[in-house]
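Participant: compute the structure for the input listed below.
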Amino acid sequence: MAKTHPFHSPRTHGFVRVAAATPVVHTADPAANADEHIALIKQAGAQGVDLIVFPELSLSGYAIDDLLMQDALLAEVERQIAVLAEAAEDAGVIAVVGAPVRNGDALYNCAVVLGSGAVLGVVPKTYLPNYREYYEKRWFAPAASRSEDTVVLNGESVDFAPGLIFEAVDRPGFVFAAEICEDFWAPQPPSTRAALAGARILLNLSASNIVIGKADERAVLCASQSVRTLSAYVFTASGWGESTTDLAWDGQAMIHELGAKLAEGERFALESHLTVADIDVDRIGLDRLRNGTFADCARLEGEPATVVPFEAGPGPVEGLLRPLDRFPFVPDDPARLDQDCYEAFNIQVQGLMRRMKATNAERIVIGVSGGLDSTQALLVACRAFDRLGLPRTGILGYTLPGFATSEGTKSNAWSLIKALGVTGAEIDIRPTATTMLEAIGHPFAKGQPVHDITFENVQAGLRTDYLFRLANQNGAFVLGTGDLSELALGWATYGVGDHMSHYNVNGGVAKTLIRHLIRWVANKEHAGEAAAVLHAVLDTPISPELVPVGADGKIQSTEATVGPYALNDFFLFYVTRFGLKPSKVAYLAHQAWKDAATGDWPVNTPEDERVAYDLATIREWLRKFLLRFFQTSQFKRSALPNGPKVVTGGSLSPRGDWRAPSDATARVWLDELDANVPEA
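Facilitator: Numbers count the residues shown, from 1 in each chain. Sure, this is the predicted structure:
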């Protein structure tokens with residue numbers, strides 16, 4: 001199917017393309033400044049931008065002091081506002097420009113919103129700085145001093161008030177508000193009330209001269225305001241060309257969404273430029289929907305706001321302009337990944353330590369398979385024992401080989417047990433499994449190569465049964481190893497199987513993160529002899545090893561059955577954390593995974609794991625994920641052992657983030673996927 005399908009447009013999936021403009025400033029020359037604006041507005045239109053915002057007093061220049069009181073200059077500003085309104089209409093964008101605006105006998109520092117060839121509304125600055133290098137009260141009146149809620153520009157009367165809400169009538173969620181520079185630094189920014197009134201995109205038109213350290217301060221404020229108000233925050237400050245009589249300017253521009261930086265412009269640039277990103281207003285709305293505190297605050301602290309309707313432009317046709325991690329649980333940035341691994345590992349360790357202290361336990365029992373999950377749980381146990389001052393010999397690690405256990409994983413298990421200094425033992429479950437298969441009349445017991453679900457679960461169940469009885473015998477408790485991804489897919493043998501334990505440290509950790517946690521430990525200096533075997537575990541294909549190798553010589557593959565964990569973890573994050581529709585999840589997955597050569601990969605990702613997935617493949621596995629997650633696996637998640645929540649994507653514990661009926665159907669999600677995602 002051609003790429004012109006609406007599915008491939010960001011607009012279809014609730015994205016609004018925003019540009020923070022940094023024009024070259026022409027001091028006290030509105031016509032020249034308007035030319036700079038027009039050039040950037042045209043660029044924005046060509047890039048499919050929906051909304052462009054300029055710095056404070058961008059039409060006149062900020063640092064022009066008493067020139068702001070000159071009638072000729074103010075009249076020219078008003079004429080250029082009309083010119084820019086036409087330019088914005090021609091480009092199909094909504095433009096927000098900074099200008100000094102007269103109303104009655106007072107002058108106001110304003111954000112002027114332009115669309116459909118006219119002024120949609122004017123927002124005056126609420127807080128005027130009058131300290132240190134600032135002297136704004138000499139020229140401007142604060143918003144609260146106005147006597148009317150309308151102002152006449154170019155013969156038209158338009159809304160004139162702080163906190164105006166601008167809402168697109170043809171784009172659900174495209175709702176924005178503007179504040180100006182100092183407003184942002186106030187203890188109660190106007191943008192907070194605007195967000196409570198429904199604005200999902202908050203704009204800041206700033207002049208904000210630069211001094212050492214101020215850029216970091218602005219970034220912190222932008223990020224924190226977008227988190228606190230569950231919004232996107234777009235900031236743009238004056239740059240090259242502002243008068244340097246006593247100050248300097250860096251032209252900082254940033255776009256944040258829910259705390260994450262989407263884009264940042266070049267500081268100290270000498271040319272006009274745009275900083276562009278796609279804001280997910282749909283996701284912002286869903287986050288507010290599930291956040292009861294935001295709704296409560298809106299009821300208690302919110303105030304009625306004037307809503308100004310407008311019609312949005314066509315929006316971007318294709319391509320997504322925002323950072324998008326292939327692995328939502330594994331950040332691309334090396335420093336952030338190191339921090340996340342440190343926190344995840346220690347959350348697991350402290351959770352286990354607390355359970356051990358609460359139960360006065362000095363021993364635990366764990367099944368060691370030589371695979372990823374049991375390896376991570378064993379590493380956590382070792383660290384917990386070390387911190388509690390207990391000998392690692394109290395960790396009783398058992399290998400439980402069955403009909404399909406390979407020498408490779410068995411060897412890894414024993415090498416790990418020895419390298420970590422824990423107590424090890426081996427129990428061959430095949431004789432007991434054979435007895436059970438014989439007792440129930442299974443064909444395998446009669447020599448037939450029947451490797452069905454019963455054959456698999458007899459082995460999985462016996463392993464857990466042995467571990468529980470060994471725990472009884474040794475005055476210990478069973479440490480679970482199953483991870484968050486397996487719980488999402490229902491890839492666990494229910495009850496007396498790998499589904500159950502006395503405490504599970506991995507239940508809140510996604511499979512993709514577990515790989516990096518093991519690699520993180522292996523690369524630490526204290527890993528010692530265990531480092532080599534940890535890397536060997538990482539190189540081992542993911543397999544339950546319950547079905548013997550077939551005639552083709554291939555081992556049983558988990559991912560061949562349930563799909564790549566890289567995709568499943570992607571699906572899981574966006575379905576549970578934000579509640580996105582399947583079509584949007586598919587769109588995001590395609591954007592993240594369609595080209596292995598573009599975008600960043602988490603540090604130390606092996607080359608053979610740097611793969612791409614086309615839309616058809618994503619659609620196929622997403623369909624299976626939706627069926628497993630919503631319809632067939634919830635009953636397992638409704639009865640989970642205790643374990644700590646670790647990742648921001650949430651926990652699937654019935655006592656935590658995810659609570660759902662065990663008897664639901666996946667129909668609504670499957671229908672939405674089928675209706676809105678093309679097959680290629």
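
Participant: and the pLDDT for Gly550?
Facilitator: Looking at Gly550, its pLDDT reads 74.

Participant: so how far is Ala404 from it?
Facilitator: Applying CB to CB, to the nearest Å, one obtains 10 Å for the distance of Gly550 from Ala404. Quick note: C-beta positions are derived from backbone N, CA and C, even for glycine.

Participant: in terms of neighbours, single out the busier of these two.
Facilitator: Looking at Gly550 and Ala404 with other CB atoms under 10 Å, you find the greater number of neighbours at Ala404, namely 19 against 11.

Participant: for the residue nearest to Arg267 when sequence neighbours are not counted, what are its contacts?
Facilitator: By the measure of CB to CB, 6 or more residues apart in numbering, the closest residue to Arg267 outside its immediate chain neighbours is Asp250, 4.4 Å from it. With contact set as CB atoms under 8 Å, 6 or more residues apart in numbering, Asp250 has these partners: Ile210, Ala215, Ala237, Gly239, Arg267, Phe268.

Participant: can you give me the strands in the stretch 451-600 of the chain?
Facilitator: Residue ranges of the strands in the stretch 451-600 of the chain, as given by DSSP state E, counting those that start in this stretch, are 477-480, 503-504.

Participant: no wait, the stretch 101-250 of the chain
Facilitator: Under the criterion DSSP E, counting those that start in this stretch, the stretch 101-250 of the chain contains strands at 106-115, 118-124, 150-153, 156-160, 165-168, 175-180, 201-206, 232-237.

Participant: Leu572 is in contact with Leu484, isn't it?
Facilitator: Yes - applying CB atoms under 8 Å as the test, Leu572 and Leu484 come out as touching, 7.4 Å apart.

Participant: hey, what's in contact with both of these two?
Facilitator: When contacts are counted by CB under 8 Å, 6+ apart, Leu572 and Leu484 have Ala510, Gly649 as shared neighbours.

Participant: what's the closest of the strands of the stretch 451-600 of the chain to Phe184?
Facilitator: Smallest distance to Phe184 across the strands of the stretch 451-600 of the chain (CB to CB): 44.7 Å, for strand 503-504.

Participant: partner strands of the closest one, with direction?
Facilitator: strand 477-480 (parallel) (DSSP bridges).

Participant: in PDB, list the C-alpha atoms belonging to the partner strand.
Facilitator: These are the backbone C-alpha positions of strand 477-480, laid out as PDB (Å, rounded to 0.1, in the frame of the first residue of the first chain):
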ATOM      1  CA  PHE A 477      11.600 -19.400  50.600                       C
ATOM      2  CA  VAL A 478      11.500 -19.700  46.800                       C
ATOM      3  CA  LEU A 479      12.800 -16.800  44.800                       C
ATOM      4  CA  GLY A 480      10.800 -16.300  41.600                       C
END
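
Participant: give me the residues contacting it.
Facilitator: For strand 477-480, the external contacting residues (CB under 8 Å, 6+ apart) are 352, 355, 359, 361, 364-366, 377, 381, 464, 467-468, 471, 498, 500-507, 641, 643.

Participant: now the helices for the stretch 1-150 of the chain?
Facilitator: Shown for the stretch 1-150 of the chain, the helices assigned by DSSP state H, counting those that start in this stretch span residues 30-46, 71-91.

Participant: okay, now Asn360: neighbour count?
Facilitator: Counted with other CB under 10 Å, the burial measure for Asn360 works out to 7 neighbours.

Participant: actually Ala476, not the one I typed
Facilitator: 21.

Participant: which one of the helices of the stretch 1-150 of the chain lies closest to Leu205?
Facilitator: Checking the helices of the stretch 1-150 of the chain against Leu205 by CB to CB gives helix 30-46 as the closest, at 12.5 Å.
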